[in-house]
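1. After the sequence you'll find the predicted model.
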Amino acid sequence: MDLLTYVGRAITPSHSSRRFNTRFFLANGNNVFGEPAASEELEDVGWHPVDDERLESFRDVTRFMLARALALRSGTASGPSPLFYWAKNARRIGVCREGETER
C-alpha cells in the first residue's frame, strides 16, 4: 500500500441506477508483476499508454482523474486530492477537496 499515491475520489449522482463511490490510485508500473486478467466486470484489460488524444476519449470523471494522475506523476499537480461529484441539480459537476463541504 505504501507504493500507491492517492489521486482522488468520485461519486456518481444519486439518481443514477448504478452507483459508485470510487477512489483512484497511481502506482509505478515497475512494481507490478503478472498480466492483468479479464473478468465479468472488466472486458478490455491490459496496459494502455495514456496521452492527450486518448484522454479525450474517456468520460468526464475518468478524464479528470487520469489528468490528475498524470499531473501527479509529472510533479505538476497542486492542492489536496479532489472529490469529483455531481451537484444536486445534476446539471453541473462539482469538484471540491476531500474534507470540504459542498457549496
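-> Alright, I've got the coordinates.
2. For the rest of this, base every contact and every neighbour count on C-alpha atoms.
-> Noted.
3. Tell me where the model's unsure across the chain.
-> Within the chain, the ranges that satisfy pLDDT under 70 run 87-103.
4. in it, which spans are strands?
-> 5-11, 21-26, 82-86, 93-97 (DSSP state E).
5. The longest one to strand 82-86, inter-axis angle?
-> When you say that, I think you mean strand 5-11. 20 degrees (axes from the mean of the first three to the mean of the last three CA atoms, to 10 degrees).
6. Equivalent analysis for the second one, please.
-> For the pair strand 21-26 and strand 82-86, the angle between their directions (the same axes, to 10 degrees) equals 140 degrees.
7. Of all residues in this protein, which one is nearest the centre?
-> Among the residues of the chain, residue 65 comes closest to the average C-alpha position under CA atoms, centre = their mean, at 3.4 Å.
8. State the distance from residue 41 to residue 63.
-> The gap separating residue 41 from residue 63 is 20 Å, by CA to CA, to the nearest Å.
9. Pick out whichever of the two has more residues nearby.
-> Set side by side, residue 41 and residue 63 show more neighbours around residue 63, with 16 against 6, by other CA atoms under 10 Å.
10. is it true that the more buried one touches residue 54?
-> No. The criterion here is CA atoms under 8 Å, and residue 63 misses it with residue 54 at 9.3 Å.
11. before we move on, the earlier item: give me whichever of the strands of the chain is most buried.
-> strand 82-86 (a mean of 21; mean count of other CA atoms under 10 Å).
12. Give me the distance from that one to the chain's centre.
-> Its chain's C-alpha centre and that of strand 82-86 lie 10 Å apart, by CA atoms, centre = their mean, to the nearest Å.
13. List the contacts of the nearest residue to residue 4 once chain neighbours are set aside.
-> Excluding the flanking residues, the one nearest residue 4 by CA to CA, 6 or more residues apart in numbering is residue 27, at 5.0 Å. Applying CA atoms under 8 Å, 6 or more residues apart in numbering to residue 27 gives the contacts 3-5.
14. Much appreciated, bye for now.
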